[in-house]
Every structure is written in C-alpha cells, then in structure tokens.
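**Q** from the sequence below, what's the structure:
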Amino acid sequence: MNGFYNKRDYVLLTMIVLFTITLSTFFVINANFIYWLVIKYLNLNIKYHVSTQLLMHNLHVMVTFIQNPLVNAMHLWHYKLSNGAYEHFTDVRKLVMLDYLILALSGFYLLICAYHKTMQTHLWKLTDYLKRVMLVIGLLMFICLIDFYDVFIYLHRMIFPNHNWVFSPKKDPIIEVLPDQYFLSCFVVWFGLVFLLLISFYLAGKWQIKKKEH
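**A** Numbering: from 1, shown residues only. The predicted structure follows:
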C-alpha cells in the first residue's frame, strides 16, 4: 500500500479536503438566504419588533466585517455591541481570513494540478481515502445533529478561550436575533456542501477507474 501511494497523492488528497472545507465555509458565510429563511420560519422580525430589511442589513454588515480586511468598523442598525462582542467578531474575522487564505492556496494548487493533468491521472488512486473522509464527516455531522447545542458550546470554548463569545442579551441584544437555529442551519448546509464536493471528486476518480478498465 505504501508503495502504491506517493507523496504527491497525499498532498493532492490534503488539498482536495482543505479546498472542499474552505470553499463550503466561504459559501455558507455568504449564503444570506439561510438567515432570511430563519427569520421567516421563527418570525424574528415580529417577535423582536424589527424589520426583515434591518436584520438582513445587519447580517450584511457583520459578514462584510469578518471577511473584508479593508473594513475596520462594524456599525449595526438599532443594535450596539459591547467591547467583548466586538472582540469576538474580530477573532472570528481572523479565522475567516485564515480560511480564505487556505482556500486560495488549495484552489491554486488544484488549478495547477488540473493544468498539468495531475487530476486526470492521480484522482482515481484517492477514491478509497475520499470514501473514508466522507465517512468521518458523516459521523461528525451525526454527532452535531444529535446534540448541536453542546457541540456548538464545546467548539467555542476550544476555539475562543477568552469567553468573549458569551453574549448577554442585555449588553448585546443582537444575539436574540441570531438564534441557535440559524447556526444549526449553517452547519447543515456546510456539511451538505462538503459532502457534495467530496462526492464530486470521488465520482470523478471512479470514472477514471472505469475508463482505465476499458
């Protein structure tokens, strides 16, 4: 087995996984329709006496802040942020910038592989590993869906040890219109996109195997 796979294969596999994860993250961050659907489903605009337009505008402001390095301030309509909340958004911003950097590097690597036809000649060798990756991601998705709240809290404690992610509705009422259902929906869409992308690479590899057999 070790002689069958070389370093280039493992690097390609790593880049494919990184690309699928970071591209899915990019899409979910910019998928404003998820929040719009949550607003309508939970009637957030009615419950908190604000307009849907205001909520969508604030989402746009938050998303712009965390993914645009040229934007250094975040001014929300109708809502004020505490220093701790602003620091948390800044921490999230750093993670998003890292995600986009990895997306750019992995995407560039895959483009080079496609140009040199490495994808066409090596992808078939990765089908078993891609299947294992999908099984692991499926298991993680199952765990998240069983107890999303505890998983969500655990991840925040692990990634943000400064506890600025704990928003008080009195100090930061914006958290009231960012319910758990929104983040759960984002997780579900994210997992779905990762699966679709990995399956695409997997099927492409299987197609290469069939082509070799003929």
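
**Q** does Leu105 lie in a helix or a strand, and which?
**A** Per DSSP states H and E, Leu105 falls inside helix 83-115.

**Q** what residues of that helix count as buried?
**A** Neighbour counts over helix 83-115 (16 or more other Cβ atoms under 10 Å) mark 84-86, 88, 91-93, 96, 99-100, 102-103, 106, 109-110, 113 as buried. C-beta coordinates here come from the backbone N, C-alpha and C atoms, glycine included.

**Q** isn't Leu55 up against Pro179?
**A** No: with contact defined as Cβ atoms under 8 Å, Leu55 and Pro179 do not form a contacting pair (11.5 Å).

**Q** check which helix or strand covers the residue nearest the centre of the chain.
**A** Nearest to the geometric centre of the chain sits Thr25, at 2.3 Å (Cα atoms, centre = their mean). Using DSSP H and E, Thr25 sits in helix 7-29.

**Q** and that helix, C-alpha only, in PDB?
**A** The C-alpha coordinates for helix 7-29 follow below in PDB (Å, rounded to 0.1, in the frame of the first residue of the first chain):
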ATOM      1  CA  LYS A   7       3.800  12.000  -1.500                       C
ATOM      2  CA  ARG A   8       2.100  13.700  -4.400                       C
ATOM      3  CA  ASP A   9      -1.100  11.600  -3.900                       C
ATOM      4  CA  TYR A  10      -1.200  12.500  -0.200                       C
ATOM      5  CA  VAL A  11      -0.600  16.200  -0.900                       C
ATOM      6  CA  LEU A  12      -3.400  16.100  -3.500                       C
ATOM      7  CA  LEU A  13      -5.800  14.400  -1.100                       C
ATOM      8  CA  THR A  14      -5.000  17.000   1.600                       C
ATOM      9  CA  MET A  15      -5.500  19.900  -0.800                       C
ATOM     10  CA  ILE A  16      -8.900  18.400  -2.000                       C
ATOM     11  CA  VAL A  17     -10.100  18.100   1.600                       C
ATOM     12  CA  LEU A  18      -8.900  21.600   2.500                       C
ATOM     13  CA  PHE A  19     -10.400  23.100  -0.600                       C
ATOM     14  CA  THR A  20     -13.800  21.500   0.000                       C
ATOM     15  CA  ILE A  21     -13.900  22.600   3.600                       C
ATOM     16  CA  THR A  22     -12.800  26.200   3.000                       C
ATOM     17  CA  LEU A  23     -15.000  26.600  -0.100                       C
ATOM     18  CA  SER A  24     -18.000  25.400   1.800                       C
ATOM     19  CA  THR A  25     -17.200  27.800   4.600                       C
ATOM     20  CA  PHE A  26     -17.000  30.700   2.100                       C
ATOM     21  CA  PHE A  27     -20.300  29.800   0.600                       C
ATOM     22  CA  VAL A  28     -22.100  29.500   4.000                       C
ATOM     23  CA  ILE A  29     -20.700  32.800   5.200                       C
END
